[in-house]
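here you go, sequence then predicted model.
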Amino acid sequence: MDEELHSLHLQVAYKVGKERSCGKKTKFLTEEKAQKAVEAHNNWEGRKHDVEAYPCPFCEGWHIGRIMPIEILKWIIGS
């Protein structure tokens, strides 16, 4: 993940809070392990939507969740 996107995800996490960004989600120790989970999920035919890996400032790990385009991340930070 590039530096800007990484920073935006961390800012959004602080803005929306621990429960929504970390909560009961699975913690992956590395971006690589989270990315493997992303690939498995996105290849699953029963999925409702694709996901992406994102860093978590609360548990200092990685989670997977709905894809957030950079424009949406910026909008959340600005709102």
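Okay, I see it. These figures come from a predicted structure and were not determined experimentally.

from here on, contacts and neighbour counts on C-alpha atoms
OK.

and the residue positioned nearest the centre of the chain, its phi and psi?
In the chain, the centroid-proximal residue (C-alpha atoms, centre = their mean) is residue 54; its distance is 2.9 Å. Taking degrees, to the nearest 10, you get phi -150, psi 150 for the backbone angles of residue 54.

distance of it from residue 45?
Distance, residue 54 to residue 45, using C-alpha to C-alpha, to the nearest Å: 22 Å.

before we move on, what about residue 11?
32 Å.

who's in contact with the residue nearest to the centre of the chain?
Contacts for residue 54 were tallied using C-alpha atoms under 8 Å, 6 or more residues apart in numbering; they are 6, 9, 31, 62, 63, 64, 65.

can you give me the helices in this protein?
All helices of the chain, identified by DSSP state H, fall at 3-16, 18-21, 31-43, 70-78.
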